[in-house]
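Asks: Pasting the sequence and the predicted model now:
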Amino acid sequence: MTHAVVLGASMGGLLAARALVGFYDRITVVDRDPLPEDAGHRRGVPQARHFHTILLRGEQALNGMFPGFTEELLAKGALPVGFNVDARFVLAGHPMVRVDTGAADVQVTRPVLEGAVRARVADQPGVRLLPECDVVGPVLSNGRVTGVRVVRGGVEEELAADLVIDAMGRSGRARSWLASWGLPTPAEERIDVNMVYASRLVRPAEPFPDKLVLVGPVPGRPTGFAFAAQEDGLWMVTQVGMAGDHPPTDEAEFLAFLKRSAPPDVQDAVAAAEPLTAIRTHRFPASLRRRYERLRGFPPGLLVFGDAMCSFNPIYGQGMTVAALESEALRRCLEDGGADLARRFFRAAGRIIDPVWQLNALGDLALPEIPGHRSPSTKALNRYVARLQRVATHDPVAARAFIRTIGLLQPPTSILRPDVLARVVVGGVRCG
Ligand SMILES: Cc1cc2nc3c(=O)[nH]c(=O)nc-3n(C[C@H](O)[C@H](O)[C@H](O)COP(=O)(O)OP(=O)(O)OC[C@H]3O[C@@H](n4cnc5c(N)ncnc54)[C@H](O)[C@@H]3O)c2cc1C
């Protein structure tokens with residue numbers, strides 16, 4: 001009987017577990033939290049109180065793993081959102097033209113999304129969820145990870161395993177385990193964004209015409225917000241502030257802060273809405289990437305997954321989608337056999353992360369407030385993207401290319417395709 005243990009039952013751990021189905025007889029997913037029956041908040045995922053979007057590419061992947069998943073979310077009250085027919089984007093200060101970009105999404109709060117994924121994973125053959133189980137650390141024997149020590153009900157025990165996956169989020173401890181075993185540790189790259197999220201759920205006083213309004217930061221004002229319809233007539237108001245320019249939690253100041261980035265109709269709707277929760281904050285100091293794919297000598301029997309490998313600036317909404325793509329990659333690696341799994345998986349994950357990390361860096365470094373080295377190519381690309389965003393205020397080809405790229409439906413190089421480039425150079429063609 002083969003056994004895999006996944007450490008962490010958030011989106012990363014659950015999607016890692018899904019990849020293992022059919023390859024291991026038993027798959028145990030442990031988490032230190034009690035896991036709610038359905039949708040519910042828990043301590044280990046504090047970010048769930050803030051706006052979460054699953055990009056279309058991620059939704060495609062989830063539907064591949066869990067047939068009928070979108071319909072299931074819709075039945076739970078999720079809203080279908082056409083980009084950017086039902087959504088209003090103001091990126092880098094430019095309101096994007098309303099065209100059907102062919103990209104659609106479902107909007108739902110994170111606890112509902114995670115609850116639905118958890119139920120689907122728990123239904124898979126061989127999977128067992130083990131809540132209230134605190135991870136102490138893996139067991140290394142003759143250079144191989146052979147299990148993990150956990151504390152359950154105050155008692156420490158060892159779970160023997162053929163494979164252990166660290167999916168414990170950005171504080172994931174694989175790096176310190178490697179160091180304690182005297183093995184090389186992955187280089188860490190970071191982009192210091194010094195960001196705070198502040199969010200609350202509200203019920204608007206009157207119907208609001210869009211399902212999503214999203215305003216991104218601009219040079220000189222590193223703040224933005226999302227005003228997003230969720231299930232059950234709820235709306236999420238999320239404000240973000242980077243480079244130390246942080247949103248407040250005081251009621252009056254929260255509204256005043258919104259005035260800096262929100263158009264008047266959103267300000268009015270939020271001011272008139274009934275607040276349903278307190279304003280909660282979440283601090284996000286830096287995006288972090290750990291280069292496991294560059295390591296030589298990683299112990300067999302161990303993998304690292306999700307935010308533990310790369311934690312992206314959340315304003316771009318990519319973390320869960322990348323975890324879904326890593327799950328697809330892990331499955332492909334397992335189909336090719338178990339030998340040398342870590343090296344093959346880290347390389348595959350690295351290829352998924354590379355373009356997303358570059359998109360993050362490009363967006364962050366477009367803000368002069370964010371520290372970091374800007375190479376000549378970064379500066380040139382940022383000038384191009386700024387122009388593309390200006391052109392996308394009226395040109396449907398440019399808008400479509402941009403929306404599909406940030407939705408990870410196509411590689412970042414797509415914005416340099418000749419048809420898009422031509423529009424950017426000539427200043428775009430108006431639709432209609
Ligand atoms: C404010 C914010 C907003 C975000 N918005 C988006 C978005 O819009 N779209 C998107 O795709 N992504 C978003 N993300 C990122 C997304 O939340 C993560 O990418 C996603 O949750 C996958 O992370 P993970 O499962 O690897 O780690 P996490 O979600 O951090 O989960 C780690 C899990 O490990 C458990 N754990 C930790 N330590 C132990 C231990 N010692 N023993 C047992 N269990 C342990 C925790 O309880 C938790 O369940 C956002 C992140 C933040 C911070």
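Replies: That came through, no problem.

Asks: The worst-scoring helix or strand of the chain on mean pLDDT near the ligand at all?
Replies: For the chain, scoring each helix and strand by mean pLDDT, DSSP states H and E identifies strand 103-107 as the least confident one, at a mean of 84. No. Taking C-beta under 6 Å from any ligand atom as the criterion, strand 103-107 and the ligand are apart, separated by no less than 10.3 Å. Backbone N, C-alpha and C define where each C-beta goes, glycine included.

Asks: Could you give the average pLDDT over the longest helix anywhere in the chain?
Replies: Longest helix in the chain, counting residues (DSSP state H): helix 341-365. The average pLDDT for helix 341-365 rounds to 95.

Asks: Against which helices or strands is that helix packed?
Replies: strand 188-203, strand 280-290, strand 302-304, strand 310-311, helix 319-335, helix 376-391 (3 or more C-beta pairs under 8 Å, 6 or more residues apart in numbering; DSSP states H and E).

Asks: Pro138 is nearest to which of the ones you listed?
Replies: strand 302-304 (6.3 Å; C-beta to C-beta).

Asks: Which positions in the protein make contact with the ligand?
Replies: Close to the ligand, as judged by C-beta under 6 Å from any ligand atom, the chain has residues 7-13, 30-33, 44-45, 47, 50-54, 134-135, 167-169, 197, 282, 284, 306-308, 314, 317-321, 323.

Asks: Return the most buried member of the helices and strands packed on helix 341-365.
Replies: Looking across the helices and strands packed on helix 341-365 with neighbours counted as mean count of other C-beta atoms under 10 Å, the highest average goes to strand 302-304: a mean of 26.

Asks: just how off-centre is that one within its chain?
Replies: Relative to its chain's centre, strand 302-304 lies at 19 Å (C-alpha atoms, centre = their mean, to the nearest Å).

Asks: who's in contact with the closest residue to Asp162 other than its chain neighbours?
Replies: Of all residues not flanking Asp162 in the chain, Thr2 sits nearest, at 4.9 Å (C-beta to C-beta, 6 or more residues apart in numbering). Remark: with contacts taken as C-beta atoms under 8 Å, 6 or more residues apart in numbering, Thr2 is in contact with 23-26, 162.

Asks: what are the phi and psi angles of Thr2?
Replies: Phi and psi for Thr2, reported as degrees, to the nearest 10, are phi -90, psi 150.

Asks: Would you mind giving the domain segments of this protein?
Replies: Annotated domains of the chain cover 3-47+110-187+291-360, 190-285, 376-426 [automatic domain parsing].

Asks: about what we covered before: got a quick ChimeraX command for the buried subset of the residues of the chain next to the ligand?
Replies: To isolate the buried ones among those in ChimeraX, judged by 16 or more other C-beta atoms under 10 Å, type:
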select :7,8,9,10,11,12,13,30,31,32,33,44,45,47,50,51,52,53,54,135,167,168,169,197,282,284,306,307,308,314,317,318,319,320,321,323
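
Asks: Cross the residues of the chain next to the ligand against strands and list the overlap.
Replies: Members of these lying in strands (criterion: DSSP state E): 7, 30, 134-135, 197, 282, 284.

Asks: Whichever of the contacts of Thr2 end up buried, select them in PyMOL.
Replies: Command for PyMOL that selects the buried part of those, burial taken from 16+ other C-beta under 10 Å:
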select buried, resi 23+24+26+162
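
Asks: from the contacts of Thr2, which is closest to the ligand?
Replies: Of all the contacts of Thr2, Arg26 has the smallest distance to the ligand: 18.2 Å, by C-beta to the nearest ligand atom.

Asks: Report the separation between whichever residue of the stretch 101-250 of the chain sits closest to the ligand and Thr238.
Replies: With C-beta to the nearest ligand atom as the measure, the residue in the stretch 101-250 of the chain that lies nearest the ligand is Gly169; the distance is 2.5 Å. Look at Gly169 and Thr238: by C-beta to C-beta, to the nearest Å, they are 20 Å apart.

Asks: so can I have CSV of the contacts of Thr2 showing pLDDT and secondary structure?
Replies: Compiled in CSV, the contacts of Thr2 are given as follows (pLDDT from 0 to 100; DSSP: H, G, I helix; E, B strand; the rest coil):
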residue, pLDDT, secondary structure
Phe23, 98, coil
Tyr24, 98, strand
Asp25, 98, coil
Arg26, 98, strand
Asp162, 98, coil
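
Asks: Farthest-apart pair in the contacts of Thr2, please.
Replies: Taking every pair in those and measuring C-beta to C-beta, the maximum separation is 11.2 Å, between Phe23 and Arg26.

Asks: Could you name every residue contacting both of the two?
Replies: The contact sets of Phe23 and Arg26 overlap at 2, 4 (C-beta under 8 Å, 6+ apart).

Asks: List the buried residues in stretch 96-116.
Replies: Buried positions in stretch 96-116, judged by neighbour count with 16+ other C-beta under 10 Å: 96-99, 101, 103-116.

Asks: outside of stretch 286-300, which residues touch it?
Replies: Applying C-beta under 8 Å, 6+ apart, the external contacts of stretch 286-300 come out as 140, 143-145, 170, 174-175, 178, 181, 183-194, 304, 308-313, 341-343, 346-347, 349-350, 353, 357, 360, 364.

Asks: that older thread, give me the nearest residue to the residue of the stretch 101-250 of the chain closest to the ligand, chain neighbours excluded.
Replies: Leaving aside its chain neighbours, Gly169 sits nearest to Asp307 (4.7 Å; criterion: C-beta to C-beta, 6+ apart).

Asks: What of Asp232?
Replies: With sequence-adjacent residues excluded and distances taken as C-beta to C-beta, 6+ apart, Asp232 is closest to Gly77, at 5.3 Å.

Asks: right, and that neighbour touches Ala229 too?
Replies: No. Taking C-beta atoms under 8 Å as the contact criterion, Gly77 and Ala229 are not neighbours in contact, 10.2 Å apart.
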